[in-house]
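Chemist: mind folding the following:
(one chain, ligands or ions: 1)
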Amino acid sequence: MSDDARVPTAILISGRGSNMVALLAAARDPDYPARIVLVLSNRPDAGGLSLAREAGIPTAVVDHAAYPDRESFDAALDARLREAGVELVVLAGFMRILTEGFVRAWEGRMINIHPSLLPAFRGTRTHERALAAGVAEHGCTVHHVVPELDAGPTIAQARVPVLPGDTPETLAERVLAEEHTLYPRALADVALALRDARRGQRM
Ligand code: GAR
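Modeler: Now for the predicted structure:
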């Protein structure tokens, strides 16, 4: 696939970046429909940044602590993404709530992975809450981002059983393994759909 046909994509992280690593690995295939042009973190100390650099991917930091409010942080984020020619934004463990204005500007072109079977367990501490609720199945969801937190249309889900003796850590590990195969597949679907829409507009 020519580089032009691959959707220029940014991955946004806040931490260790294991989903980012899985996405970068998938995108190394020249036929993968998304091309990762930028890895951006809101935290200068995010472990994933050095992994991205090692993989030869341009990185950027937009440190939320340097901005007085969410609006100015989101404006800086938006400017950095546009400067890099990004058309698709992938949140991979990006732990900042985004303003409605930013989300609307990228709606349909921004996706997230969440460690639960949405609509169950929006928000944080999902594994702990799933265990407390006594559910038999847990998992992860890739969804479009809308202004309401973890409420956008589902793109794909993967399920895992909850096993006797599970702790939040063992359950998180089982879910994370699924995240690493689900997210690259879901991103490919979204990038292909965007590319087809782009072609349709040109005709
Ligand atoms: C992942 O489990 C992801 O689903 C979760 O954070 C972890 C990031 O891990 N995301 C959220 O909770 C978003 N609300 P990673 O940095 O190793 O990819």
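Chemist: chain neighbours aside, what residue packs nearest to the residue of the chain at minimum distance from the ligand?
Modeler: At 2.7 Å from the ligand, Gly93 is the closest residue in the chain, using Cβ to the nearest ligand atom. Quick note: C-beta positions are derived from backbone N, CA and C, even for glycine. In this structure, Gly93 finds its nearest non-sequential neighbour in Gly15, 5.1 Å apart by Cβ to Cβ, 6 or more residues apart in numbering.
Chemist: what does Val37 give?
Modeler: Leaving aside its sequence neighbours, Val37 sits nearest to Pro8 (Cβ to Cβ, 6+ apart; 4.6 Å).
Chemist: before we move on, what about Asn112?
Modeler: For Asn112, the nearest residue in space outside its immediate sequence neighbours is Leu91; the separation is 4.1 Å by Cβ to Cβ, 6+ apart.
Chemist: which positions in the protein make contact with the ligand?
Modeler: Taking Cβ under 6 Å from any ligand atom as the measure of proximity, the chain contacts the ligand at 13, 15-19, 92-93, 113-115, 140, 176, 179.
Chemist: okay if I get those residues as TSV plus distance to Val37?
Modeler: TSV is the format used below for the residues of the chain next to the ligand (distance: Cβ to Cβ, whole Å):
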residue	distance to Val37
Ile13	15
Gly15	21
Arg16	21
Gly17	16
Ser18	20
Asn19	17
Ala92	15
Gly93	19
Ile113	19
His114	24
Pro115	26
Cys140	25
Leu176	25
Glu179	22
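Chemist: mind listing which of these are in helices?
Modeler: Per DSSP state H, helices hold the following members of those: 18-19, 176, 179.
Chemist: top of these by neighbour count?
Modeler: With neighbours defined as other Cβ atoms under 10 Å, the most crowded of these is Asn19; it has 25 neighbours.
Chemist: can you pull the contacts of the most centrally placed residue in the chain?
Modeler: For the chain, the residue sitting closest to the mean C-alpha position, by Cα atoms, centre = their mean, is Leu91 at 2.5 Å. Each residue near Leu91 by Cβ atoms under 8 Å, 6 or more residues apart in numbering is listed here: 12, 110-113, 145.
Chemist: okay, and the beta partners of it?
Modeler: For Leu91, the beta-bridge partners are Leu12, Asn112 (DSSP bridges).
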